[in-house]
Each structure stands twice: as structure tokens, then as C-alpha cells.
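Chemist: Coordinates for the following, if possible.
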Amino acid sequence: MILGDIIRDHITYKQQIFKLAKADLVKTYRGAALGWAWAIIKPAVTIFVYWFAFDIGLRAGKDVNGYPYFLWMIAGLVPWFYMSDMLTVGIDTIRKYSYLVTKMKFPVSTIPTFVSISKFVVYLILMLLVVFIFIFMGYPPSIYLIQMPFYMLLMFVFFTIWSLFASLLSSMSKDFGNLVKSMVTAIFWLSGILYNPDSIKIEWVRKLLMINPVTYLTNGFRNCFINQVWFWEQPKRLLYFVIIMALLLLLTIWSYKKLRKEIPDVLS
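Modeler: Next comes the predicted model:
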């Protein structure tokens, strides 16, 4: 069973996975004068630009449920940084670490996992800063924050599966990788990260957005900080997300079964 093989590889190589995740994390910021500071500086600049454009420039940043637009924005924008990395960097993981496959016979299925862990560590640091910002601005976390690990787990699992699926196809064809990267901006603007999708008046558009996994996760994190809604109070949205993740898993298993033996030859 292919899924069993993938799980078994992760269990067998669990120590190597975490060591490689640490190495990938160090490699990302090594050589830069500011080093680890870039993990905060780059997202901070992006946040400032969007906040200035919407709240100051366009004056479209209205309070949401009694919270300033800035807080509402960072609650959903910070998770996007991880999702964006997995959509762009995650798609090239197998090609980037091809030597693990061609020279060391490292299991292909585990490569996207340690890259995902590496990106997730940075995300956890940023989310911790988000909590401190909420407290500093006079909005301490409520009991609803305890469900945040649930959304974190869904996000990590979904995008790790995606990274395996996409990097398998990207290893065989660079065109697929370029296609996905060209769509990241569209995904960003169609996922309700800087606006509330619930406010869209066209019903079929609003429902279509709610099927989007990025929209579900973004809205989920805002449920923890601002909307104060439990995940089980939106069962249909959760069901849509689980169905899409299950379909993605099936596609990943099919792709892995078809391509895992060919990839070492292609990357050699």
C-alpha cells in the first residue's frame, strides 16, 4: 500500500527528517548580514505595505467585530506567509534536494516534509509575535485561541501533502512548477486574505470562495483571534476542506506510485 510506504518512510527516517529541517532552516538565513532577523523583517515589510495601502491609502480598512483592521489583517496574513512558501518553495523541494535521491537513496516522500517543518518553525515564531501584538494593543486572546493548534495541524498536513504532490510533478516537468508559481498571486487575491469573503453579496461567488482551502484556513485563524467561532460551528466549511484534502491525498498517492521510480533517473 503506497500510503503505508509513505508513513513507514516517515517513521523510519524521523530523526533525519528533523535534522534536515534544521539544516534547511539554517541554510535559508545563512550568509545574510542580518541572519535570522530576515524571518521577521520581510513579513513585517509586507504587512506594513498592505496595511498602509488599505487602511491609509484606500481608507478601506474598517474595524471588524470591534477589532482594528490591522489586527484583523495580520491574523489572516501571517498564516499566508507559510502557505505562500509551500506553494512556491515547496513545489521545488525534490529538485532542490535531488542529491538526497540520486546519491543517498533518501525516501522521496520525506523531502517535502522536512522543508515544510522548516517553514512551519518560522510561521510559529511569527504567530507568537501576532499574539503579543494583540496583547500590546489591548486585545488579549480569548478562550477561542485554544483551537489554533487544530487549524495549524490542518494547514501543515494539507500543504505538506500538496508539496509532495506538486514537487513530484515539478520534478518531471518545470512547466508545472512555473504554472503554479504564476497562479500564487491570483490565489492570494481570491482567498479573502485582505478582505472578508463573508461580505461578498454575490452568493455563488461567496460559496465558491468558502470551498477554497486557503480561505478556510485564513478564516479559521481569524475565528481564533477575532470572530470567536469554534471550528465545529462551521461544519460544512470543515467538510469541504476535508474532502479537498482527501482528494489531494489520493492524487498524491497516485502520482507517487507512478513517478517514484522514475524520479532518480530524471534528476540524475
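
Chemist: Distance from the chain centre to the stretch of helix or strand residue 48 belongs to, please.
Modeler: Using DSSP states H and E, residue 48 maps to helix 38-51. Centre-to-centre, helix 38-51 and its host chain are 17 Å apart (CA atoms, centre = their mean, to the nearest Å).

Chemist: residues of it that come out buried?
Modeler: By 16 or more other CB atoms under 10 Å, the buried positions in helix 38-51 come out as 39, 43, 47, 50, 51. Heads up, the C-betas are built off the backbone N, CA and C, glycines and all.

Chemist: So for the last one, what's the nearest residue that isn't a sequence neighbour?
Modeler: With CB to CB, 6 or more residues apart in numbering as the measure, residue 70 is the residue that lies nearest to residue 51, at 5.4 Å, once sequence neighbours are left out.

Chemist: what about that neighbour, which helix or strand?
Modeler: Here residue 70 is assigned to helix 69-88, by DSSP H and E.

Chemist: Tell me the buried residues in that helix?
Modeler: Neighbour-count burial for helix 69-88 flags 69-87 (criterion: 16+ other CB under 10 Å).

Chemist: Check stretch 246-253 too.
Modeler: 248, 249, 252, 253.

Chemist: Take these and write them to TSV, including distance to residue 266 and secondary structure.
Modeler: Listed next are those as TSV, based on distance: CB to CB, whole Å; DSSP: H, G, I helix; E, B strand; the rest coil:
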residue	distance to residue 266	secondary structure
248	23	helix
249	23	helix
252	18	helix
253	20	helix
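
Chemist: picking that back up, send the alpha carbons of the helix holding residue 48 over as CSV?
Modeler: Below are the C-alpha coordinates for helix 38-51, written out as CSV (Å, rounded to 0.1, in the frame of the first residue of the first chain):
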residue,chain,number,x,y,z
TRP,A,38,15.0,38.5,7.9
ALA,A,39,12.5,35.9,9.1
ILE,A,40,10.7,38.9,10.8
ILE,A,41,11.8,41.8,8.6
LYS,A,42,10.5,40.5,5.3
PRO,A,43,6.9,39.7,6.7
ALA,A,44,6.9,43.0,8.6
VAL,A,45,7.6,45.0,5.4
THR,A,46,4.8,43.1,3.6
ILE,A,47,2.4,43.7,6.4
PHE,A,48,3.2,47.4,6.5
VAL,A,49,2.7,47.8,2.8
TYR,A,50,-0.7,46.1,2.8
TRP,A,51,-1.8,48.0,5.9
